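Trainee: how would this look folded up:
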Amino acid sequence: MAGHLGGLQAKVKEKFKHAIFVYCIEHRLNLVLSRSMDNIKDCKVFFSTLSGLASFFSKLSKRTRALDIHVQKRFPKVAPTRWNYNGRLVQTVFQYRDSLIQFFQDVWDNKETWDAETVTAAKGYLHWLKQNFDFNFLLNIFAEIFPFTDILFDMLQTKSNDIGFCIKQIDDFKNKMNKKRDQFEHFWNKTQNIGLEPERKRIRIDNVGDRETSYRRLYADIFDNILQHMNSRFQNFNELKFVELCNFNISNYDSSKFPSEAFNSLKLNYEIFFDIPALKSQLSVVYETAEISDKKTPINVLNFLITTGLSKSLCEVVKLCELVLTIPATSAPVEQSFSVSKRIKSFIRNSTSEDILSNLAPISIEKKLVKSYQKIQNFTIL
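Mentor: Reported below is the predicted structural model:
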């Protein structure tokens, strides 16, 4: 993992020995996995082609209207900052491949009614969809991979406090990828049987071996890359098992249900910060006290203990909640938000000569500032 030897991670660990590196899990897994494919030339070309396809339909309303007629499905908007962008795009192209071919064929057959850029692009996309074996082979592969990554991400997001459950789901995902790694013949035959036209681009990997062997090597590289990236991304997940101690709402709690494994994980990593015997006793009290355990989440329990004055008598539980709350968790709004710098870059890239439209962008970018002005006349001095 980057930085674990001499980079930022190592420097942080020098000063804070008990710090745990947590991968930024607010990024969609399928985006990270697709980026991890950038070192595989054919995969990089594949995702670039998909992005170009989505961009093609977003530029002109005439293309969008024609797409509605032929495909009756809008393409995902061109927004690579949305983490599920690649997965949705793969599924859309996979599901509507035949309709897309009909659309581009219609554009090519009626080229006199379209502009030159549209006709040229249609010819290129016809080649990718109807003739290019590489593209269709990878489309079949990733159409089966991305649904698993979407499900895994959603599970990690909704069960972020249940580390044991998350670890199991990660292991299950890796097992599924290992099984698919042995299913090359399935994808090979599936691509062979979709009726591609004969002008197929021959894949070149060091110019060694026959055609099927080359694709088999590419196929193995994809899954090896995914598994390697998963191992790297979640290698520290076991160290977070102590988070399960904050699953306060344990039904019909008794001493036999105390989460010993999670408690031992906390002792291993943070023993010097806690009075361990006191913490165990206080946790047992919290688990058995419905008025506290019903609060469920660490933030709710912490607020309850502070407002009721119990924070001193249950001080070790307070420290545990504060520790757990320092761990970043996923949230849907993160995927829908953009930094001001990114919005400014988008504005500059798409700036217009019309003053009215141009002035809307700064207003949107600085909307918090605008809202802070209560009187409209104050706004005019900006």
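Trainee: so what are the domain limits for this protein?
Mentor: 28-233, 237-325, 338-379 (automatic domain parsing).
Trainee: quick one: buried residues of stretch 50-61?
Mentor: 50, 53, 54, 56, 57 (16 or more other C-beta atoms under 10 Å). Placement of C-beta: from N, CA and C, glycine included.
Trainee: And the next helix or strand past the helix or strand residue 170 falls within?
Mentor: Assigned by DSSP states H and E, residue 170 belongs to helix 163-181. On the C-terminal side of helix 163-181, the closest following helix or strand by DSSP H and E is helix 184-192.
Trainee: helices or strands up against the helix or strand harbouring residue 98?
Mentor: In this assignment (DSSP H and E), residue 98 forms part of helix 97-109. Helices and strands touching helix 97-109, as assessed by 3 or more C-beta pairs under 8 Å, 6 or more residues apart in numbering; DSSP states H and E, comprise helix 61-70, helix 116-126.
Trainee: So which bits of that helix are buried?
Mentor: 97, 100, 101, 103, 104, 105, 107, 108.
Trainee: Closest to residue 150 out of those?
Mentor: residue 97 (19.9 Å; C-beta to C-beta).
Trainee: Could you measure from that closest one over to residue 47?
Mentor: For residue 97, the distance to residue 47 (C-beta to C-beta, to the nearest Å) stands at 16 Å.
Trainee: rewinding a little: just give me the lowest mean pLDDT stretch among the helices and strands packed on helix 97-109.
Mentor: Per-stretch mean pLDDT for these is lowest at helix 61-70 (a mean of 76).
Trainee: Tell me how far that one lies from the chain's centre.
Mentor: 29 Å (C-alpha atoms, centre = their mean, to the nearest Å).
Trainee: Could you do stretch 178-195 as well?
Mentor: 25 Å.
Trainee: Using neighbour counts, pick out the buried residues of it.
Mentor: Buried-residue list, stretch 178-195, by 16+ other C-beta under 10 Å: 180, 184, 187, 188, 191.
Trainee: I would like the residues contacting it, please.
Mentor: 133, 136-137, 140-141, 144-145, 212, 215-216, 219-220, 223-224, 227 (C-beta atoms under 8 Å, 6 or more residues apart in numbering).
Trainee: Dump stretch 176-191 to CSV, restricted to CA.
Mentor: Extracted in CSV, the C-alpha atoms of stretch 176-191 (Å, rounded to 0.1, in the frame of the first residue of the first chain):
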residue,chain,number,x,y,z
LYS,A,176,-16.2,-15.1,-5.9
MET,A,177,-13.5,-13.3,-7.9
ASN,A,178,-11.2,-16.4,-7.5
LYS,A,179,-14.0,-18.6,-8.8
LYS,A,180,-14.6,-16.3,-11.8
ARG,A,181,-10.9,-16.3,-12.5
ASP,A,182,-11.3,-20.0,-13.4
GLN,A,183,-14.2,-19.3,-15.8
PHE,A,184,-12.3,-18.0,-18.8
GLU,A,185,-14.0,-20.4,-21.2
HIS,A,186,-17.4,-19.1,-20.2
PHE,A,187,-16.5,-15.5,-21.2
TRP,A,188,-14.5,-16.6,-24.2
ASN,A,189,-17.4,-18.7,-25.6
LYS,A,190,-19.9,-16.0,-24.7
THR,A,191,-18.0,-13.4,-26.7
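Trainee: Could you pull up the mean pLDDT of it?
Mentor: The average of the pLDDT scores along stretch 176-191 is 93.
Trainee: Over to stretch 10-28?
Mentor: Here the average pLDDT along stretch 10-28 is 67.
Trainee: distance of residue 105 from residue 278?
Mentor: Residue 105 is 74 Å from residue 278, by C-beta to C-beta.
Trainee: ok, the buried residues of stretch 50-61 vs residue 233, which is closest?
Mentor: residue 50 (22.8 Å).
Trainee: Give me the below-cutoff pLDDT ranges for this protein.
Mentor: 1-7, 21-35, 70-85, 159-164, 198-209, 328-382 (pLDDT under 70).
Trainee: Can you get me a residue count around the residue lying closest to residue 90 once chain neighbours are set aside?
Mentor: Taking C-beta to C-beta, 6 or more residues apart in numbering, and ignoring the residues beside it in sequence, residue 90 has residue 142 as its nearest neighbour in space, at 4.9 Å. Residues lying near residue 142 (other C-beta atoms under 10 Å) number 27.
Trainee: just residue 8 next, same as before
Mentor: With other C-beta under 10 Å as criterion, residue 8 counts 11.
Trainee: I figured the residue nearest to residue 90 hits residue 89, correct?
Mentor: No: counting by C-beta atoms under 8 Å, residue 142 stays clear of residue 89, with 9.7 Å between them.
Trainee: Relative to residue 225, how far out is residue 130?
Mentor: Distance from residue 130 to residue 225, by C-beta to C-beta: 28 Å.
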